[in-house]
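Student: Only the shape, not the letters, is given here:
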């Protein structure tokens, strides 16, 4: 499931490097972030100093989750994490407790993002290290050309709809010759990608 986090209030409980990774993930999705902790790592301090996140310099207290869309617990204290989970469940809020799947109602996948193209990898919380390893391998294979292809395909799709041309999903699959289209993008020939898609799809009416 992909959630729209833009301008949504999210809270991270914990101030270490793990919390920083989760904060950066939420920032990638334009969330409004509060972090609750007695201590903060250097990266979080820098984000707070630049008013990118709001920090609350104390331990977690009941009520900190009020109005939140997502909660991430990144403390190393099981009792605290259990209290956070209990409050989140009571309020009906999505919660992820880092490395503790039994306290979560959602799991944060590792992911590769190229523009509007996102590849998510999950091991159902059983091996985060494997998920990160797979992400590292996928990052080598998927370059920015995939983002550019998605951009062109979206533009062609919109233009086809405006002209009242309905194209079947099967026809789209045939037209998206990834090897050929990506080679054109890599060689700086985006216009040829558009032209090829139009040629293959423009007259394909259901």
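Tutor: The structure has been received and is ready for your questions. None of these values were measured; they are calculated from a predicted model. Residues are numbered from 1 along each chain as shown.
Student: Nearest residue to residue 7 in space, please, no chain neighbours.
Tutor: What sits nearest to residue 7 in space, not counting adjacent residues and going by CB to CB, 6 or more residues apart in numbering, is residue 32, at 5.8 Å. From N, CA and C alone the C-beta is placed, and that goes for glycine too.
Student: which residues sit in contact with that neighbour?
Tutor: Contact criterion CB atoms under 8 Å, 6 or more residues apart in numbering gives 7, 8, 9, 10 as the residues in contact with residue 32.
Student: Save those residues as CSV, and put in distance to residue 173, pLDDT and neighbour count too.
Tutor: Converted to CSV, the contacts of residue 32 look like this (distance: CB to CB, whole Å; pLDDT from 0 to 100; neighbours: other CB atoms under 10 Å):
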residue, distance to residue 173, pLDDT, neighbour count
7, 35, 97, 9
8, 34, 98, 16
9, 39, 98, 16
10, 36, 98, 24
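Student: Could you list which of these belong to strands?
Tutor: 9, 10 (DSSP state E).
Student: Report the buried residues of stretch 144-160.
Tutor: For stretch 144-160, the buried set under the neighbour-count rule, 16 or more other CB atoms under 10 Å, comprises 145, 146, 148, 149, 151, 152, 153, 156, 160.
Student: do the same with stretch 83-97
Tutor: Of the residues in stretch 83-97, those buried under the neighbour-count criterion (16+ other CB under 10 Å) are 83, 84, 85, 87, 88, 93, 94, 95, 96, 97.
Student: and the two most separated of these?
Tutor: Checked with CB to CB, the buried residues of stretch 83-97 reach their widest spread between 83 and 94, with 16.8 Å between them.
Student: For the protein, give me the ranges with low pLDDT.
Tutor: Judged against pLDDT under 70, the low-scoring parts of the chain cover residues 203-206.
Student: Select the longest helix from the chain.
Tutor: With DSSP state H setting the assignment, residue counts place helix 145-162 as the longest helix in the chain.
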